[in-house]
Structures are given as C-alpha cells and as structure tokens.
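>>> Build me a model:
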Amino acid sequence: MKRKSSVLVASLLIFSMLLGACTGGGTSSGGSASSGGGAAGSSPAASAADTDTVIIALQGEPTSLDAQYPDDGNMRFVTDNVLDCLFEIDGITLEAEPSLAAGITMLDEVTWEVKLREGVKFHDGADFTAEDAAYSINRVLDPDYGSQILSDFDTIKEAVVVDPTTINIITHNADPLLSKRLTKLVMLSKPFTESKTNEELTLVCNGTGPYKFVEWRRGIDITIERNEDYWGEKPVIKKAVFRTLEEPATRLAALKAGEINIAVNMYPEYADEMPKVFTEVGYETYWIRFNQLHGQMIDQNIRLAANYAIDRQALADNLFLGYASPAEGQMAKQGYFGYNSAVTGYEYDPEKAKSLLAEAGYNGEVVELISERGRWLKDGEITEAAAAMLTEAGFNVTVRILSWNEWLDLLFDKTRTPDLQLSATSNEYFDVDRTLSALVYSKGTQSALNNPEIDKLIEDARTELDQVKRQQMYEELAVMLYEDPFAIYLLYLNDLHGGSANLNWAPRRDSKILVSEMSFS
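Have a look, this model is predicted:
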C-alpha cells in the first residue's frame, strides 16, 4: 500500500512540474527575466556583479512598509533589515536576546521593567527614547488601529514611560512569553509616525536598524542602504535591492543569468540548477484542520483514521524531494519549547484507518476538504495528494479550491467551518503556546473545537512562570492531542532559497533574511 501512495504522489508531482513549465515566466540564461511591473534587470543602479550590493528576488511585492499593521512575509523580508525590536531571536538558540532593550526585570507577575539601550538614533537622526518604545507598543494594541498581528500581543495591557530610558510593560496576566513576543513588535519613532498619514506610512520606513530605507519603486524594487551610524556591528554589504519576481521559474532564470543574488522560496526541483542552495528547517508546518464543532469529524476514531491514512514520508520525498519532513504527531518541532520527544508520528497504515472508520460507523458520508492554491509551496499538490490518500483509506472526499480571501473567510468564520481545511502555520516564537492558543484553544482565531479540559491546560500553561512546570503541561497536552487529534499533522517545511555562487550566508531557523549576515567571496 505504501508503494501505491508513493506512485500516486509521484504522478501528481510530474503533473505539477509540467504545469509549472507551461506557466513559468523564465527566460534562458543571459536573457532578461521579468515580472509584474518591471524587468528584472531594469535598475541601472544595481548589478548582481557588484559585491557592495545584494539583489534579492521576492515572490511578491510587499503590501506595505508599516510593519506594525499587515501580516505580510514579503514585507518582513525588507523591514527586518530596517527596523529593530526590543528583543531579537537568537538564530541558533531560538531564545530571546536583548536588542534595543538593555535588559528586562519582572517587578511583579504583571509588571515588567524594560531598560532601553542608550545612544541609539533613528535613521532621520532622532534619538530613540522611552516615549518611542511605549508609543510603539500601545499603537499595536489600539483596537482602532486594527493591526492584523494584534493577537501576537494580546497578553499585553499597556506600556508606560518611567523615565527617558525606562518603560514598564503591564500584562493582563503573568506572561512567560513576553520577551519572545517583543521580538516581533518593531520600534517606531513617535514624532515621525505621528507626522504621517496612514497611507504615507505604507510607503516609507524609518527605523534604527543596520539598513535604512532609500526608495520604493512600486512594481519594480525597494532599495535599502547601510546605516553608517548603526548602534551595533556595521554590516559588510552596503546596499540591498529587493525585486519582485513572482514566478519561481523567473527567479531561477534571473539567478542563473547573474541578475540577482538570492531567489527566495524556490521549488525543490530547481535545487540542482541553482548555483548555490541555502536551506534550513523553517517554521512553517502544514496541517489539515478538523471541524469538531459539527459534522463527521466530531468522532475521535474518524480523526485518528485520517491521520493513519496519510503517507507523510511519501509526501516529503516525492513532493518536496526531502526539503520537508513528516510531522511527529504534533505541531511542535525539536527545539521548540513544549516539544514532546516521547510522542512519535502516526505510522502510514491505511488498513488501520479503514478499521477505525468501520468502528466509528462511517458509511461513506461526504467529507469536504477546503484548500487554496498559490499561498504556500505546493499547497495545491499536497491537497490533491492528501485527498487521494484519504480516499484510498475509505473516506468519501470532495476537494474545493477557493481564492485566498474566500479561504481566509472560512478559516476565521466558525459558523461555516468546513470538515477539513488545509493550512500552514508559522511559529516565530518557537513556543507551542503560539500554536495552541490560536489553533486549539476554543477562543483561538483558528480553532474548530471546544474542549474545556484542554482549554484549562492551555490557560494554565500560558501564565505559568515556572518553565519546568510549563514544559510538563505542554508535554501532557501533546499526548492528549496525539490520542485525540485536532488536525492531520502533515509536514514540517524547510526554507529553500537559491543564491549566487559567491554569496556567503547561513539561513536562520527564524526564516529571516538579514543582509547584515551576508558577504561575498
């Protein structure tokens, strides 16, 4: 049976490669690769042969440069180099380390004193002060602002200025994850931000980071240059240009032609053609949500059957050519806080799946799988492969592919939750609280279950300051959610980028692309 599923996935892979060959926008080596609003080689100020400049091809143009508002990965590739946070994730240990903060002290369970780094200036020359830090935090929390990333900081009540170099952060309850939350909350200049309209703020970026914003030519590129007054270690690369090349084939052609230095988020099939491959375990995890509020997936045995029906290794090998790995019966990965090493992945066992379906009294009722195509790497292909495996195990599956906006509406509208919905989730904090609070907790934005016992454990764990006790709680939750799954835990994805042969760079576990960590041979 396993050989049969592998053949099936391989057939889907061949189909997707043929489709990509028909729709890709690439040209032969030496030609001009183009996308959207401009040619890849249209900027005379930047050349991939210039060792002072790195040219990075993104898969989409940022929606905004106001990094406190949209949940936009293409934007963060740019703004991560321009804006600083109070803390930053160490790319190796995955722990929060001080950045614009000099240190943090817990005064009581809900009050945290943050001392700020002194002598830091924004790119416009203004000093970074406690007024800026408190303003930046309170701006994100303002419900009228309507930030799309507000849920990342909903444990914070407010920030208060104590003196020019000190703020107090007040949380609603004890928050053991506060320092990590602050690694995603960028610091802005209060005077600069208040002097601009919301529309103007989408087009400019004034930070304290190692690079400063220069220009955004809409539809063509965004340029940043080295901040010569940076408070930290001065980067080697003087300038970075971010171009938009939507099709992976177009990015590959530009890379091979020497027009760019980095091609982000590439197909595994292109790895052998790229001058250099940059890959690291990423923070995206594919999963298929069960609707446990109503319908067929309420039955625990049916949900277990769905997990035994999936040949994860075949998906990883045939669709992602090894640049992904099977989920280990949980959403957390090794190195995440709350990961349970004693929980192992579900074996691929379609016969056991059929037996569980029979035990549940499943009689061929239609189960609908909702997905979209184009948001994540091979999302359409993995949907088709998973549907075929579920069908092979005895499920009566129908697949419906929606537009991105329709898919989002269903993800967050609990009155219309489908039986199954494919998604990918990231975890920038490397702590299972972020996943459980959003995907499992009954009040979570993407949750489709209501289990008071699990809710109580999640609530207790997210306010437990004793890290040993908190780890034990999450390990208990991992076992519970393995025996009674809330999803089909599918794959852990690797980041995969192409690079020019002379580029020196090591990808990070937090998936950030930091120009300050690059150099040329």
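>>> Tell me the secondary structure of the closest residue in space to Phe290 that isn't next to it in sequence, please.
Leaving out its chain neighbours, the residue that sits closest to Phe290 by C-beta to C-beta, 6 or more residues apart in numbering is Met297, at 4.2 Å. For glycine as for every other residue, the C-beta is placed from the backbone atoms N, C-alpha and C. Reduced to three states with DSSP: H, G, I helix; E, B strand; the rest coil, the structure at Met297 is helix.
>>> going forward can the numbers begin at 594, since that is how I track them
Taking 594 as the first residue, the last one we looked at is Met890.
>>> ok, Met890 - contacts?
883-884, 896, 899, 960, 1012-1013 (C-beta atoms under 8 Å, 6 or more residues apart in numbering).
>>> now it: how far from Phe988?
Met890 is 10 Å from Phe988, where distance means C-beta to C-beta, to the nearest Å.
>>> can you count the residues close to Ser1114?
8 (other C-beta atoms under 10 Å).
>>> wait, it sits on Asn1095?
Yes. Counting by C-beta atoms under 8 Å, Asn1095 is a contact partner of Ser1114 at 4.4 Å.
>>> Just list the residues touching Ser1030, thanks.
Counted by C-beta under 8 Å, 6+ apart, Ser1030 has contacts 1037, 1051, 1055.
>>> Pick the one among the residues you listed closest to Gly800.
Using C-beta to C-beta, Arg1055 is the member of the contacts of Ser1030 that lies nearest Gly800, at 30.0 Å.
>>> OK, contacts around that closest one?
Per C-beta under 8 Å, 6+ apart, neighbours of Arg1055: 748, 768-770, 1026, 1030.
>>> pretty sure Glu751 is in a strand, no?
Yes. Under three-state DSSP, Glu751 falls within a strand.
>>> tell me which element the nearest residue to it once chain neighbours are set aside is part of?
Distances taken as C-beta to C-beta, 6+ apart put Ile763 closest to Glu751, at 5.2 Å, once the chain neighbours are dropped. Taking DSSP states H and E as the criterion, Ile763 maps to strand 759-764.
>>> ok, and what's touching that strand?
700, 703-709, 723, 726-727, 730, 748-755, 771.
>>> Just the buried residues of these.
703, 705, 707-709, 723, 726-727, 730, 748-749, 752, 754, 771 (16 or more other C-beta atoms under 10 Å).
>>> Save the residues you listed as JSON lines, and put in distance to Met1073 and pLDDT too.
Converted to JSON lines, the buried ones among the contacts of strand 759-764 look like this (distance: C-beta to C-beta, whole Å; pLDDT from 0 to 100):
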{"residue": "Val703", "distance to Met1073": "29", "pLDDT": "97"}
{"residue": "Trp705", "distance to Met1073": "31", "pLDDT": "98"}
{"residue": "Val707", "distance to Met1073": "36", "pLDDT": "98"}
{"residue": "Lys708", "distance to Met1073": "40", "pLDDT": "98"}
{"residue": "Leu709", "distance to Met1073": "41", "pLDDT": "98"}
{"residue": "Ala723", "distance to Met1073": "43", "pLDDT": "98"}
{"residue": "Ala726", "distance to Met1073": "39", "pLDDT": "98"}
{"residue": "Ala727", "distance to Met1073": "40", "pLDDT": "98"}
{"residue": "Ile730", "distance to Met1073": "34", "pLDDT": "98"}
{"residue": "Thr748", "distance to Met1073": "23", "pLDDT": "93"}
{"residue": "Ile749", "distance to Met1073": "29", "pLDDT": "97"}
{"residue": "Ala752", "distance to Met1073": "36", "pLDDT": "98"}
{"residue": "Val754", "distance to Met1073": "43", "pLDDT": "98"}
{"residue": "Leu771", "distance to Met1073": "26", "pLDDT": "97"}
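>>> Identify those among those that sit within helices.
Secondary structure from DSSP state H places 723, 726-727, 730, 771 of those in helices.
>>> care to break this structure down by domain?
624-675+802-859+1092-1113, 680-786, 876-1088 (automatic domain parsing).
>>> any chance of those domains in CSV, with distance to Leu794 too?
Below are the domains of the chain laid out as CSV (distance: least, C-beta to C-beta, whole Å):
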stretch, distance to Leu794
domain 624-675+802-859+1092-1113, 4
domain 680-786, 7
domain 876-1088, 23
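>>> closest one to Asp865 among those domains?
The nearest among those, by C-beta to C-beta, is domain 876-1088 at 9.7 Å.
>>> If you average the pLDDT over that closest one, what comes out?
For domain 876-1088, mean pLDDT rounds to 95.
>>> same question, stretch 659-679
pLDDT averaged over stretch 659-679 gives 95.
>>> buried sites along it?
Applying 16+ other C-beta under 10 Å to stretch 659-679 flags 659-663, 665-679 as buried.
>>> Go through those residues and flag which are in helices.
666-672.
>>> re earlier: any idea which of the domains of the chain gets closest to Val870?
Of these, nearest to Val870 by C-beta to C-beta is domain 624-675+802-859+1092-1113, at 7.4 Å.
>>> and which of the contacts of Ser1030 is nearest Ile815?
Gly1037 (33.9 Å).
>>> phi, psi of the closest residue to the closest one other than its chain neighbours?
Closest residue to Gly1037 apart from its sequence neighbours, by C-beta to C-beta, 6+ apart: Ala1031 at 4.5 Å. The phi/psi pair for Ala1031 (degrees, to the nearest 10) reads phi -90, psi -40.
>>> Near Ala1031, how many other residues are there?
17.
>>> Now do the strands in the stretch 944-1093 of the chain.
For the stretch 944-1093 of the chain, the strands defined by DSSP state E, counting those that start in this stretch occupy 959-965, 989-995, 1013-1019, 1080-1092.
>>> quick check: longest strand of this structure.
strand 869-883 (DSSP state E).
>>> and that one with strand 959-965, angle?
150 degrees (axes from the mean of the first three to the mean of the last three C-alpha atoms, to 10 degrees).
>>> so what secondary structure elements neighbour strand 869-883?
Judged by 3 or more C-beta pairs under 8 Å, 6 or more residues apart in numbering; DSSP states H and E, strand 869-883 is in contact with helix 893-901, strand 1013-1019, strand 1080-1092.
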